[in-house]
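Asker: I'd like to go over a predicted model; first the sequence, then the structure.
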Amino acid sequence: MNCFFHIFLFILFQINIISTNDIRNDCNDLGYETLLNWALKEKSFHINDKIKLTVYKDENQYIAKEDILKDEILLDIPQEITINVDRVLSILNSKELKDKYELYINEFNKNNNTLKDISYIDQSFLAYLFYKINKTQSNYSKSFYDYYNKLKYIFEDDLSHIPFMFNDEQIKMFINSNFGSTFQLFSLSYKNEYEILKALFNEDIDLNVYFQHRFIIAQKSYNISNITSIIPFVDYTKRDFDSINCQSYIKNNHFILKSIKNIKKGEILIQRPKKNNNQFNFMIYGKTYRSLLNKINSFVIPIVNPSFLMDESINIEITDDEENRGDLAWKGFFKIILPTYKGIAQSLKRDDSNYSCYSLMLKYINQIREGYNKAFNFDDIEDVFDEEVDSDNIERIIKGEMNFLDLKIKELKNLMEKEAKKINKKKNKKENIEDL
């Protein structure tokens, strides 16, 4: 088995002690040895001699080859051996590419359909550079290949579990979810990056191949002192939320991995995933976690839905633009949008009490929740995918969103209950006054 399988295909089981039956052998691939020897030439690079790369359940992971104490440095990776746009452009030594990079930044920022983040600019331009390098190898200098060949394992990942690699029938399984909206937003942005690059370089670019590079770089990128950098060696630690025994951080332009507890001989090195919600992890890494099932960071909906209001016999002109969009995950969302509903009620000379407005919101959120019951059938999802991991990921996304909506419905009911108590209190007070 190739020694350079990546972190994102690592085991899903919650086991971190390796038995002798699980170990096939130590990873003796010459590619890894070449990479390691190259990195060791950089004086500030450090790898703890208590860890080693081992083939475990057909995957390659760092384990402790002897006991490790808490707070030991496991990896210290200087920026000098990372991949970033400036380093690649410097090695390629092409004024044309450097000029195109500056033009790309300008075009990217002017485009209304790209996600505005400097890390996305560098990720997408790096994706193009490596797409081009792999396509026309003979056009680039030997000095670059001496550098690139030691790191090319980074681009040998299996991306089949990322939703962008699904076929149309599989995408339909989640397209009516909140995640589906996020997927479409990312898809639009990534495709616009692609169109800008095509126009900038005046050439046809294979979209699927470009996307493969784009997602690998998105997976592997870290921000080191505001420089988007791809870091070697990091892929050999498992990512999970259970039995975490190490953590990473940036210090003085170095990527540091240290133990956060005593690690016994034979334990896998495990650190947390970079992102703490399943929506992003599924989008970029093709992976979800049970422990993140109910972690919803964003759930954007129209604040007022014209079609819903028509069902309530309310006719009012509302444009579907950014001003009419809110995030259901905001703390106090229903109180934030309450003035909007009051304004609508007042303009129609309807009951504009808090209770009445919350009641209308409740019907709206219930309608969204009922839509999930109609739109998603877990048996159908399982039938469409050959691999269980893919259907499990989508089901976890959908169930998480359903649970989130159930919590929001409960929150609204609690607000209505409080308003009802206020109304009854005022009513009782009025009756007591009248009795006097």
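Answerer: Here it is on my side, so go on.
Asker: my guess is Gln271 contacts Arg239. True?
Answerer: Yes. Under the criterion of C-beta atoms under 8 Å, Gln271 makes contact with Arg239 at 6.4 Å. Every C-beta, even on glycine, is put in place using the N, C-alpha and C of the backbone.
Asker: where are the low-confidence patches of the stretch 301-436 of the chain?
Answerer: Filtered on pLDDT under 70, the stretch 301-436 of the chain yields the residue ranges 311-313, 315-321, 429-436.
Asker: now the strands: where do they sit in it?
Answerer: Listed in chain order, the strands of the stretch 301-436 of the chain (DSSP state E, counting those that start in this stretch) span 325-327.
Asker: per the record, what domains does this structure have?
Answerer: 7-82+231-287, 95-215, 300-435 (automatic domain parsing).
Asker: I'd like those domains as a markdown table, with distance to Asn223 and mean neighbour count appended.
Answerer: As requested, the domains of the chain are exported to a markdown table (distance: least, C-beta to C-beta, whole Å; neighbours: other C-beta atoms under 10 Å):
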| stretch | distance to Asn223 | mean neighbour count |
| --- | --- | --- |
| domain 7-82+231-287 | 8 | 17 |
| domain 95-215 | 6 | 16 |
| domain 300-435 | 24 | 15 |
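Asker: what's the closest of those domains to Val88?
Answerer: Closest approach to Val88 among those (C-beta to C-beta): domain 95-215, 5.5 Å.
Asker: start and end of that closest one, how far apart?
Answerer: Using C-alpha to C-alpha, to the nearest Å, one end of domain 95-215 lies 27 Å from the other.
Asker: kindly report the same for stretch 323-333.
Answerer: Termini of stretch 323-333 sit 15 Å apart (C-alpha to C-alpha).
Asker: kindly report the same for stretch 158-174.
Answerer: 21 Å.
Asker: repeat for stretch 113-120
Answerer: Criterion C-alpha to C-alpha; first-to-last residue distance in stretch 113-120 is 13 Å.
Asker: how about the strands in the stretch 151-300 of the chain?
Answerer: So, for the stretch 151-300 of the chain - with DSSP E, counting those that start in this stretch - the strands run 221-224, 227-230, 238-239, 246-251, 254-259, 270-271, 300-302.
Asker: helices or strands up against the second one?
Answerer: Same thing as strand 227-230. In terms of contact count using 3 or more C-beta pairs under 8 Å, 6 or more residues apart in numbering; DSSP states H and E, strand 227-230 is assigned the packing partners helix 118-135, strand 221-224.
Asker: what are the contacting residues of that strand?
Answerer: With contact meaning C-beta atoms under 8 Å, 6 or more residues apart in numbering, strand 227-230 is reached by 79, 82-86, 118-119, 122-123, 126, 151, 154, 217, 220-223, 255.
Asker: what about the top helix by length along the chain, distance to the chain center?
Answerer: Taking DSSP state H as the criterion, the chain has its longest helix at helix 388-435. In terms of C-alpha atoms, centre = their mean, to the nearest Å, the centre of helix 388-435 is found 29 Å from the chain centre.
Asker: which elements pack onto it?
Answerer: In terms of contacts (3+ C-beta pairs under 8 Å, 6+ apart), helix 388-435 is packed against helix 178-201, helix 278-280, helix 333-347, helix 354-375, helix 378-384.
Asker: contact partners for the residue most central in space within the chain?
Answerer: When C-alpha atoms, centre = their mean is applied to the chain, the residue found nearest the centroid is Phe280 (2.3 Å). Contacts for Phe280 (C-beta under 8 Å, 6+ apart) come out as Asn297.
Asker: what mean pLDDT does stretch 227-247 have?
Answerer: Throughout stretch 227-247, pLDDT has a mean value of 89.
Asker: right, I mislabeled it, should have said stretch 112-129
Answerer: The pLDDT scores in stretch 112-129 average 89.
Asker: same deal with stretch 87-103?
Answerer: Here the average pLDDT along stretch 87-103 is 92.
Asker: list of residues touching it?
Answerer: 85, 125-126, 129, 140-141, 143-144, 147, 200-201.
Asker: what do you get if the cut-off is 7 Å, keeping everything else the same?
Answerer: 85, 125-126, 129, 140, 143-144, 147, 200-201 (C-beta atoms under 7 Å, 6 or more residues apart in numbering).
Asker: excluding chain neighbours, give the residue nearest to Phe45 in space.
Answerer: By the measure of C-beta to C-beta, 6 or more residues apart in numbering, the closest residue to Phe45 outside its immediate chain neighbours is Ala39, 4.8 Å from it.
Asker: for the stretch 1-150 of the chain, what spans make up the strands?
Answerer: Assigned by DSSP E, counting those that start in this stretch, the strands in the stretch 1-150 of the chain fall at 23-26, 46-47, 51-56, 59-64, 73-78.
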